[in-house]
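> A predicted structure for the sequence below; I have some questions about it.
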Amino acid sequence: MKTYPSIPTQFQPETAYHVFDKLDGSNIRAEWTAKAGFDRFGTRRLLLSEGDPLAPSRDLILEKYAAALETVFRRDGYQKATCFFEYVGPNSFAGNHPDPLERMDAILFDVNPHRRGILGPKEFLNLFGHLQIPSYIGEHTLDDGFVESVQAGKFEGVTNEGVVCKAVLKNRLKMTKVKSRAWLNRLRTECDSEDEFVRRA
């Protein structure tokens, strides 16, 4: 099953990016095929199994999204696709989820049709913007003022972690992220080493 790539922090300064709120949860992937529907679920690196703390995300995804996504996939002739969701609660932080199950949610943030790569932001919004997705903040050039506003936690529409920014350049999807200083400072207090901080940031 397709895994989600790491998002770099480098960006093209004069490029207009489509900006989305970055939800602070756990990455869950779900594979759909025309033959079997949604039948495989995993974390960023492992398949989900019964008893996994993140296993309840499967039922949320099936309940909220399966029918609507399948309608689009069959209409557009997909044979296989991997969907990416954020499993998140009101008090989730850096992969830790202290909230009870009834307060947890799963939110679609990207779709990768087989052999096509992750959809560009315009196509994603066009096909799936009617579903619950992370807040779309519009197109922005990532100049110093924009970056500082996000890092300072002052950009309207951004929650606590930061933003993910997407652009299609020369027919290739480019992504970057900007995180708030408050989120990074909190993460640093929870890490035992600089190496752990860099890996989780």
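Arrived safely.
> and the lowest-mean-pLDDT helix or strand in the chain, what other elements does it pack with?
The weakest-scoring helix or strand in the chain, judged by mean pLDDT, DSSP states H and E, is helix 194-200 (a mean of 91). Contact here means 3 or more Cβ pairs under 8 Å, 6 or more residues apart in numbering; DSSP states H and E; on that basis helix 194-200 packs against helix 181-190. (Glycine included, C-beta is placed from N, CA and C.)
> and the helices in the protein?
56-75, 121-128, 144-151, 181-190, 194-200 (DSSP state H).
> how about JSON lines for the ones you listed, with mean neighbour count and distance to residue 41 added?
Listed next are the helices of the chain as JSON lines, based on neighbours: other Cβ atoms under 10 Å; distance: least, Cβ to Cβ, whole Å:
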{"stretch": "helix 56-75", "mean neighbour count": "16", "distance to residue 41": "5"}
{"stretch": "helix 121-128", "mean neighbour count": "17", "distance to residue 41": "18"}
{"stretch": "helix 144-151", "mean neighbour count": "16", "distance to residue 41": "31"}
{"stretch": "helix 181-190", "mean neighbour count": "13", "distance to residue 41": "26"}
{"stretch": "helix 194-200", "mean neighbour count": "11", "distance to residue 41": "23"}
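> many thanks, we can stop here.
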